[in-house]
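Participant: sequence isn't available, so here's the structure alone:
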C-alpha cells in the first residue's frame, strides 16, 4: 500500500473513531503527518466531494458520498448476497454471532459479521485481520490445505501469542488442526480473544473458498460445541442443495 493511500484510509478511520468534525491540525496530529501533507490529502478529498467544511472554524467532516459508494458496492457483491441468508439462519438458530472470512495473504479478513441476539455476545468488525493460527476460520483455511502445504505454511507463520490460550508451538498446532480435520470442524478456545470460543467450517462458491464460524462466550459455546457444529453442517448442506438461495 502506498503511503498516501494509507494516510487517506487512516483519515477516514479517525473520523469513524472520533465521530465529530475535526480541524486540519487535529487530523494531521491524529494520522501522524505534517499539516502540509494532511492538507494535500484533504484538498483532494474536498475536490472529489468526500469532505466538506463545517462551522466558522471550517472543521472538516466526511460527506455521505463514501457511504453511498460503499453501499452500492456492497449491494452487488455476489458472494455476500448468497451467504448472508446462511449467516442469518445460523444466527437465528444459535443466538450467537456469525462471521464470514477468507484468507488474505497469511491472515484472515472478516468480510461479514451478523451479530448475535444475546445481550452479552462476541462483537467483531468487517475488515478486521486475524492471525491464521489463532482464529477458527484460519484453522479452517489451514486444514483445507494439502498436508505438505499446511506444514510449510505453518513454518512461515509467526504464531504470535494473542492470549494465554493461543497455540504458539508448531507441533501442537499441527496436532490441533489434525483433531479438527478428524471431527469435521475447527475451533478455538479463547485462543484469539480470551473467553471466546469459535467453531468454523468451510464453504465454497465456485472457485472461492470461505470460512464461516459461530463465535460467542466460552461458557455458552464450549459445552455445546458439537451441537453447534451440527447446526453449521446442516445449514451449509441446505445452502449447497440450493434450498436457501434467493432468501433475503
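Facilitator: Cool, got the structure. From a predicted model like this one, the values you see are computed outputs, not experimental measurements.

Participant: could you use CA atoms for every contact and neighbour count after this?
Facilitator: OK.

Participant: what count of nearby residues applies to the residue nearest to residue 53 when sequence neighbours are not counted?
Facilitator: Spatially, and ignoring its direct neighbours in sequence, residue 53 is nearest to residue 60 (4.7 Å; Cα to Cα, 6 or more residues apart in numbering). Number of residues near residue 60 (other Cα atoms under 10 Å) recorded here: 21.

Participant: next: the one 3 residues further on.
Facilitator: Other residues within reach of residue 63, judged by other Cα under 10 Å, total 14.

Participant: who's the spatially most central residue of the chain bridged to?
Facilitator: For the chain, the residue lying nearest the average C-alpha position, counting by Cα atoms, centre = their mean, turns out to be residue 110 (1.7 Å). Note on residue 110: beta-bridge partners by DSSP bridges are residue 101.

Participant: can you tell me the average pLDDT over stretch 188-195?
Facilitator: In this model, stretch 188-195 carries a mean pLDDT of 97.

Participant: one more: stretch 88-106?
Facilitator: Mean per-residue pLDDT for stretch 88-106: 96.

Participant: need the contact partners of that stretch.
Facilitator: 87, 108-118, 121-123, 131-132, 137-138, 141, 157, 209-216, 228, 231-232, 235 (Cα atoms under 8 Å, 6 or more residues apart in numbering).

Participant: hmm, back to that, residue contacts, the residue nearest to the centre of the chain?
Facilitator: By Cα under 8 Å, 6+ apart, the contact list for residue 110 reads 99-102, 125-129.

Participant: restricted to buried residues, select the residues you listed in PyMOL.
Facilitator: In PyMOL syntax, the buried subset of the contacts of residue 110 is picked out as below (16 or more other Cα atoms under 10 Å):
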select buried, resi 99+100+101+102+129
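
Participant: closest to residue 47 out of the contacts of residue 110?
Facilitator: Each of those was scored against residue 47 by Cα to Cα, and residue 127 proved nearest at 27.1 Å.

Participant: residue 239: neighbour count?
Facilitator: Counted with other Cα under 10 Å, the neighbours of residue 239 add up to 17.

Participant: that one - that's part of a helix, no?
Facilitator: Yes - the assignment for residue 239 is a helix, going by DSSP: H, G, I helix; E, B strand; the rest coil.

Participant: residue 13 versus that one, what's the distance?
Facilitator: The gap separating residue 239 from residue 13 is 35 Å, by Cα to Cα, to the nearest Å.

Participant: contacts made by stretch 192-206 with the rest, please.
Facilitator: Against stretch 192-206 from outside (Cα under 8 Å, 6+ apart): 79, 122, 134-137, 140-141, 162-166, 184-190, 209-219, 221-222, 225, 228-229, 232-233, 236.

Participant: and with 7 Å instead?
Facilitator: With contact meaning Cα atoms under 7 Å, 6 or more residues apart in numbering, stretch 192-206 is reached by 134-137, 140, 162-163, 166, 185-190, 209-218, 221-222, 229.

Participant: reformat the contacts of residue 110 as a markdown table; add distance to residue 19.
Facilitator: Output for these, formatted as a markdown table (distance: Cα to Cα, whole Å):
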| residue | distance to residue 19 |
| --- | --- |
| 99 | 26 |
| 100 | 27 |
| 101 | 27 |
| 102 | 30 |
| 125 | 17 |
| 126 | 18 |
| 127 | 19 |
| 128 | 20 |
| 129 | 23 |
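
Participant: now for the contacts of residue 110: which two are most distant?
Facilitator: Maximum pairwise distance in the contacts of residue 110, criterion Cα to Cα, is 14.1 Å, between 102 and 125.

Participant: quick one: the strands in the protein?
Facilitator: 51-54, 59-62, 97-104, 107-114, 129-131, 186-189, 196-205, 208-217 (DSSP state E).

Participant: so where's the protein uncertain?
Facilitator: Low-confidence segments of the chain, defined by pLDDT under 70: 1, 243-248.

Participant: could you pull out the helices for it?
Facilitator: For the chain, applying DSSP state H gives helices covering 3-18, 24-31, 35-47, 65-75, 78-94, 136-144, 147-156, 170-183, 218-221, 225-240.
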